[in-house]
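Asks: Okay, sequence plus prediction incoming.
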Amino acid sequence: MKKNPNEMMLMGMTCPKCGSFGPFEIAAIIAVMVSDGGADIGGIEPMWGDESDCTCPACTHTGIVEDFRGGSLSKKELEALGYEFLVDQDNKAFIYFTTPDDEPSESFLDESDAIRAASANAKEVYEISRCGNCGRVHNEQTLVAIKDMSERTDPGSVVPSGECPDCGALCYLIG
């Protein structure tokens, strides 16, 4: 996996869809000094948070900053872990998810809110790891024991959580 070069304003951010490291369009707030004669915006730093809207110009993927910092798993990743996203039959404008244990969630008006809630649930209930090679996510039950770990890791490096059952590369715990 390519090292993320973002170490300042975009620390750790990458597009969850195309993998771009930016730049990104972020809905920011600025405070300006306004007088009757106009606005002074010199030297003002924009402010944003994890809940701010964020778009990748490279692929037009839109989410929130938290998604671009790896805070949320994608719908495809959650489905691979056994989550299902369904239309609420009582109110077709809403969507809900079921966990791998078939526990239903509350209903959400927006699919992205359901995905974020399912991601938070997955991280709370399972130890989720991502493969350092193919990028697939796995829970602790699907990881394989690491073969030849001392030959595949350096002293002082991040300890892998297991081996990817799909490609055999090392996997690491995520958020």
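Replies: Alright, I've got the coordinates.

Asks: any chance you could map the strands in the protein?
Replies: Assigned by DSSP state E, the chain shows strands spanning 25-26, 33-35, 38-40, 53-55, 62-64, 84-87, 95-98, 129-131, 137-138, 162-163, 170-173.

Asks: Export these to JSON lines and append columns for distance to residue 6.
Replies: Glycine gets a C-beta too; all of them are placed from N, C-alpha and C. Below are the strands of the chain laid out as JSON lines (distance: least, Cβ to Cβ, whole Å):
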{"stretch": "strand 25-26", "distance to residue 6": "13"}
{"stretch": "strand 33-35", "distance to residue 6": "31"}
{"stretch": "strand 38-40", "distance to residue 6": "30"}
{"stretch": "strand 53-55", "distance to residue 6": "13"}
{"stretch": "strand 62-64", "distance to residue 6": "16"}
{"stretch": "strand 84-87", "distance to residue 6": "30"}
{"stretch": "strand 95-98", "distance to residue 6": "30"}
{"stretch": "strand 129-131", "distance to residue 6": "18"}
{"stretch": "strand 137-138", "distance to residue 6": "21"}
{"stretch": "strand 162-163", "distance to residue 6": "27"}
{"stretch": "strand 170-173", "distance to residue 6": "18"}
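
Asks: Which one of the ones you listed has the poorest average confidence?
Replies: With a mean of 79, strand 38-40 has the lowest mean pLDDT of these.

Asks: Just name the shakiest helix or strand of the protein by mean pLDDT.
Replies: strand 38-40 (a mean of 79; mean pLDDT, DSSP states H and E).

Asks: Helices along this structure, start to end?
Replies: Under the criterion DSSP state H, helices of the chain are mapped to 65-68, 75-80, 111-125, 149-152.

Asks: Mean neighbour count, those: which tops it?
Replies: helix 65-68 (a mean of 22; mean count of other Cβ atoms under 10 Å).

Asks: Which residues does it contact?
Replies: Here helix 65-68 makes contact (Cβ atoms under 8 Å, 6 or more residues apart in numbering) with 13-16, 24, 26, 48-52, 54, 56, 72, 116.

Asks: Number of residues surrounding residue 12?
Replies: Residues lying near residue 12 (other Cβ atoms under 10 Å) number 12.

Asks: Over to the one 5 residues further on?
Replies: Applying other Cβ under 10 Å, we find 16 residues neighbouring residue 17.
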